[in-house]
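Asks: Next comes the sequence, and after it the predicted model I'd like to discuss.
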Amino acid sequence: MTAAAVLSIRNASKTFGQRRALDGVSLDVAKGEMIALIGPSGSGKSTLLRSISALQTIDAGPGAITAFDGPVQQNGRIDANVRKTRTRIGMIFQQFNLVGRLTLFTNVALGSLGRIGFWRAALGLWPAETKQAAMAALHRFGVSDYATQRANTLSGGQQQRGAIARALVQKAKIILADEPVASLDPVSARRVMEILRELNRQDGLTVIVTLHQVDYALRYCDRVVALKAGKIVYDGTAADLKREQLIDIYGPEFEDVFWEGAPT
Amino acid sequence: MSVPSSAAIPPPPTRSLAQRLPDLLVWGGVLALLVIAFHPAEIYKLPLLFSNSQNMQQFGHEFTKPDWTDWRTYVGQMWLTIQIALWGTGLAILVAIPIGLLAARNMSPPWVQMPVRWVLNLIRSAPDLVVGTIFIVAVGPGPFAGVMALAVNTSGVLAKLFSEAVESIDRGPVEGVRATGAHKLHEIVWGVIPQVAPLWTSYALYRFESNSRSATVLGLIGAGGIGQLLFDSLNGFAYQRTSAIVLVIIAAVTLIDMLSQAMRSRLL
């Protein structure tokens, strides 16, 4: 792990039955990077993100994932202190994963669960600091009007902005976004991507986002990492990703992965 | 079309005898059981319902003239029965929440969940009346024995229903909570409970309904409440008093049913 690296993945593999979702992936992420993780369906993008926040284990063996110099998991075992590390990693999901019956405000306040007292967290006695942080985050993303509404009554774009607000209340230093725009309409999708970009540029957060739309990856991210059948097949700047590499990653029908026109 | 037009249309699917055999065995078995049980269950007495109808008429006639002299006692005892059901259900809910979570496949490891389920099956298989008798021996006759009898059986049923509700939740929101660095208990409080709350409440209310009926029956073995009055008056052939008691029970149980149904339909 270099001095500036906040995240280090070493030789991570994951097997589901016969299928190798990850096949010896190694990746270093420096503080303040904005990385797009691209690749066809089933290439291991989501598996990689879920392994970084220890929502699943990687295979036993030499594989290890380290964040902020603390182990997340190694040798197929999640580290005992993973909750400490998780509080610094915000996770955004394709299906938002807010708790539908709770209000948007409560969902966002849940971001503070890992850093407030055990009983306060269990009983929902949010400290004033949490309440203020939650409203500030909702206001910043333009959804504070819906604070008292149940999450499941909101549109996808509103829910996703709530989910990002939760990561902000969490005071996450790394944001992992797993297909954050795949369930959204193009307008909401652009809004969410712009928010992620803003968090990266203004707040200095490290962002890793998996995307189906390669044009979004090229437009919003500096570095692109492409996975294919669980292996990294491209790791470089967005500008250097050319037609030949895209054909190599996605096959001859690679234009399908662009929403707004493929490069020529 | 990918199929050439000259190809013959395949025949409709048929089921061979071997495929139909399990069905035939099951239905034949059920039929055989009913035939075997015909005599022991005295089904041949079915015509008596009509030939002895004057007995029914006499019984019914007395019932149309309920004796309301002791109505205060009946209402008081009915209220006692409802209170037995309230505490029986309340205690059961307190027990069923942790046990239900432990019995859910997506919450506990198999070495916890399997034995818990096994114990739950055992508890559920013991009828209220048997458990009630045991508690009457243990704590003496009276409402508390009734409360405990209901609580034990209802814990078993509710824990099973609660665990099934937990098994059907969406794990996405739970992962959303987990990803914030929350403690396992916080995942349950904020990720699981909000998802199952409507179903759990609905099940608990439903059990309260049926417990207010069961509590009546428990009076038979001396667990107090209106049931005891009912059986005393029935055994004394005081049909007019019995009629009044039955009417009180029907009114109370219907009221509880209606209230709890109204609450449940608002929940879901």
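Replies: That came through fine.
Asks: So A:V224, which state does it fall into?
Replies: Three-state secondary structure (criterion: DSSP: H, G, I helix; E, B strand; the rest coil) places A:V224 in strand.
Asks: Would you map the helices across the stretch 151-264 of chain A?
Replies: Secondary structure of the stretch 151-264 of chain A, counting by DSSP state H, counting those that start in this stretch: helices at A:156-169, A:186-201, A:214-220, A:243-250.
Asks: Quick check: chain neighbours aside, which residue is closest to residue 106?
Replies: Went with chain A since none was named. If the residues on either side of it in the chain are set aside, A:T106 comes closest to A:G124, at 7.1 Å by Cβ to Cβ, 6 or more residues apart in numbering or on different chains. Where C-beta positions appear, they are placed from N, C-alpha and C, glycine not excepted.
Asks: Chain B is the one I meant
Replies: Once its chain neighbours are removed from consideration, B:N106 has its nearest residue in B:E167; the separation is 5.7 Å (Cβ to Cβ, 6+ apart).
Asks: Let's see the pLDDT reported for that neighbour.
Replies: In this model, B:E167 is scored at 96, pLDDT.
Asks: I'd say it and B:S108 touch.
Replies: No: the criterion here is Cβ atoms under 8 Å, and B:E167 misses it with B:S108 at 10.8 Å.
Asks: Who has more neighbours out of these two?
Replies: Comparing B:E167 with B:S108 by neighbour count (other Cβ atoms under 10 Å in any protein chain shown), the higher total belongs to B:S108, at 17 against 14.
Asks: quick one: A:I175 from chain B, how far?
Replies: According to Cβ to the nearest Cβ, to the nearest Å, A:I175 and chain B sit 11 Å apart.
Asks: picking up where we left off before, deepest of the helices of the stretch 151-264 of chain A, which one?
Replies: The highest average neighbour count among the helices of the stretch 151-264 of chain A, using mean count of other Cβ atoms under 10 Å in any protein chain shown, belongs to helix A:156-169 at a mean of 26.
Asks: In chain A, what residue lies closest to chain B?
Replies: A:G114 (2.8 Å; Cβ to the nearest Cβ).
Asks: interface residues of chain A facing chain B?
Replies: Residues of chain A that fall close to chain B, judged by Cβ under 8 Å from any Cβ of the partner chain: A:53, A:55, A:83-91, A:93, A:95-102, A:110-115, A:118, A:121-122, A:124, A:163, A:166, A:170.
Asks: mind redoing it with 7 Å?
Replies: Contact residues (Cβ under 7 Å from any Cβ of the partner chain) of chain A with chain B: A:53, A:55, A:83-84, A:86-87, A:91, A:93, A:95, A:97-102, A:110-111, A:113-114, A:118, A:121-122, A:166, A:170.
Asks: What subset of those is buried?
Replies: Neighbour-count burial (16 or more other Cβ atoms under 10 Å in any protein chain shown) is assigned, among those, to A:53, A:55, A:83, A:86-87, A:91, A:93, A:95, A:97-102, A:110-111, A:113-114, A:121-122, A:166, A:170.
Asks: and those residues, which of them are in helices?
Replies: Helix and strand membership here follows DSSP state H; of these, those in helices are A:83, A:86, A:121-122, A:166.
Asks: pLDDT at the residue nearest to A:T106, what is it?
Replies: At A:G124 the predicted local distance difference test score is 93.
Asks: helix, strand or coil for A:P71?
Replies: Local secondary structure at A:P71 is given as strand here, using three-state DSSP.
Asks: List the contacts of it.
Replies: The contact partners of A:P71, by Cβ atoms under 7 Å, 6 or more residues apart in numbering or on different chains, come to A:64, A:79.
Asks: Just the pLDDT for it.
Replies: pLDDT recorded at A:P71 is 90.
Asks: List the beta-bridge partners for it.
Replies: Using DSSP bridges, the bridge partners assigned to A:P71 are A:T66.
Asks: And it, how far from B:Y74?
Replies: Remark: distance between A:P71 and B:Y74 (Cβ to Cβ, to the nearest Å) = 70 Å.
Asks: what's the answer for B:I43, then?
Replies: For B:I43, the distance to B:Y74 equals 36 Å [Cβ to Cβ].
Asks: okay, these two: which has more neighbours?
Replies: Just comparing B:I43 and B:Y74: by other Cβ under 10 Å the higher neighbour count belongs to B:Y74, 24 against 10.
Asks: Quick check, that one in contact with B:V246.
Replies: No: taking Cβ atoms under 7 Å as the contact criterion, B:Y74 and B:V246 are not neighbours in contact, 9.8 Å apart.
Asks: Next, the angle from the helix or strand containing B:G176 to helix A:156-169.
Replies: Using DSSP states H and E, B:G176 falls within helix B:171-178. Regarding helix B:171-178 and helix A:156-169, their directions subtend 30 degrees when assessed with axes from the mean of the first three to the mean of the last three Cα atoms, to 10 degrees.
Asks: Identify all contacting residues around the helix or strand following helix B:171-178.
Replies: Moving toward the C-terminus from helix B:171-178, the next helix or strand (DSSP H and E) is helix B:184-186. Contacts made with helix B:184-186 from outside it, assessed by Cβ under 7 Å, 6+ apart, are listed as A:113, A:121-122, B:177.
Asks: who does the helix or strand where B:D232 lies touch, helix- and strand-wise?
Replies: Secondary structure assignment for B:D232, by DSSP H and E: helix B:226-235. With contacts defined as 3 or more Cβ pairs under 7 Å, 6 or more residues apart in numbering or on different chains; DSSP states H and E, helix B:226-235 has these neighbours: helix B:71-102, helix B:193-218, helix B:239-267.
Asks: Name the nearest residue to the closest residue to chain A within the stretch 51-200 of chain B, ignoring sequence neighbours.
Replies: Distance from chain A to each residue of the stretch 51-200 of chain B (Cβ to the nearest Cβ) is smallest for B:G181, at 2.8 Å. Once its chain neighbours are removed from consideration, B:G181 has its nearest residue in A:G114; the separation is 2.8 Å (Cβ to Cβ, 6+ apart).
Asks: Which residues are in contact with the one you found?
Replies: Contacts of A:G114 by Cβ under 7 Å, 6+ apart are A:83, A:86-87, A:170, B:180-182.
Asks: Now these in a markdown table, please, with extra columns for pLDDT.
Replies: Rendered in a markdown table, the data for the contacts of A:G114 read as follows (pLDDT from 0 to 100):
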| residue | pLDDT |
| --- | --- |
| A:R83 | 92 |
| A:R86 | 93 |
| A:T87 | 93 |
| A:Q170 | 95 |
| B:T180 | 95 |
| B:G181 | 93 |
| B:A182 | 94 |
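Asks: and of those residues, the nearest to A:D28?
Replies: Distances from A:D28 to those, taken as Cβ to Cβ, are shortest for A:R86 (20.0 Å).
Asks: how near is that closest one to A:I174?
Replies: As for A:R86, its distance to A:I174 is 10 Å (criterion: Cβ to Cβ).
Asks: Likewise for B:E164?
Replies: 37 Å.
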